[in-house]
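>>> predicted model and sequence below, questions to follow.
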Amino acid sequence: MLPANRDGWEKSWEFGVTPWDLGKPTPVIEHLVRSGTLPKGRALVPGCGMGYDVVALASPERFVVGLDISDMAVKKAKQWSSSVPNADYFTFLVEDFFKWTPDEQFDLIFDYTFFSALDPSLRVYWAEAVNRLLKPDGELLTLIYLISDQEGGPPYNNTVADYQRVLKPVGFRAVLMEDNELAVKPRKGWEKLGRWKRCAHQSSL
Ligand SMILES: C[S@@+](CC[C@H](N)C(=O)[O-])C[C@H]1O[C@@H](n2cnc3c(N)ncnc32)[C@H](O)[C@@H]1O
């Protein structure tokens, strides 16, 4: 397995070169939280950056772990979120998603602009880590930012098929794949919401 590029990410955070950062939770996460359809229990947001989505997901029913390889990202996430009303229901950790071995698995994993930030050679390991970290009946939620015009990366080109290619071998099927109508303006029309479970039956998606 290739080493994760910790230094590159650390530099981005130190110099404030974070063009992916929305400065707020992605609206579809707030919508899904309100809808009450997301698994409760324990949730994980790998490559969480500033952690807006971590805080949006956290509640007395759902404890959320925000994970980032960058010390600076986690420092900044902790700084802004330390006194929010739901601060007891989340934590931020500096860890490499590929190497981290928590004591307990998760009911929900949410990926947004993490998969697409990884060198494509790491995608198969990303799927293995998701499989290892998610409970047997857990849900993987992917907000897929479709990219097709990049030479190199990050972010790297990615499609729904790229997720399917690595998730299918570890037993995941999309139970839902739809356009994200709530995407922020510059990303409108370029985002797909995918909800994945380990399914015995074959999905047509
Ligand atoms: C493109 S940013 C996305 C941040 C956040 N999800 C968002 O949408 O604002 C990717 C993040 O993944 C983190 N990262 C990269 N490799 C990682 C790894 N192996 N383990 C954990 N975090 C990692 C980076 O430090 C960076 O904060």
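Perfect, thanks for sending it. Quantities reported herein were computed from a predicted structural model and do not represent experimental measurements.
>>> the residue nearest the centre of the chain: helix or strand, and which one exactly?
Nearest to the geometric centre of the chain sits residue 111, at 1.7 Å (Cα atoms, centre = their mean). Secondary structure assignment for residue 111, by DSSP states H and E: strand 106-112.
>>> try residue 141
Using DSSP H and E, residue 141 falls in strand 134-145.
>>> ditto for residue 78
Counting by DSSP H and E, residue 78 is part of helix 71-81.
>>> ditto for residue 13
Using DSSP H and E, residue 13 falls in helix 6-14.
>>> now the angle between helix 71-81 and that helix, please.
Here helix 6-14 points in a direction 40 degrees away from that of helix 71-81 (axes from the mean of the first three to the mean of the last three Cα atoms, to 10 degrees).
>>> before we move on, the earlier item: other SSEs contacting the strand holding residue 141?
helix 27-35, strand 106-112, helix 160-167, strand 191-198 (3 or more Cβ pairs under 8 Å, 6 or more residues apart in numbering; DSSP states H and E). (Each C-beta comes from the backbone N, C-alpha and C, glycine too.)
>>> show me which residues of the protein sit near the ligand.
When proximity is defined as Cβ under 6 Å from any ligand atom, the chain approaches the ligand at 4, 9, 20-21, 46-49, 67-70, 73, 96-98, 112-114, 117.
>>> who touches the helix or strand of the chain with the lowest mean pLDDT?
Lowest on mean pLDDT, DSSP states H and E among the helices and strands of the chain sits helix 6-14, with a mean of 95. Taking contacts as Cβ atoms under 8 Å, 6 or more residues apart in numbering, the residues outside helix 6-14 that touch it are 17-18, 68-73, 76, 96.
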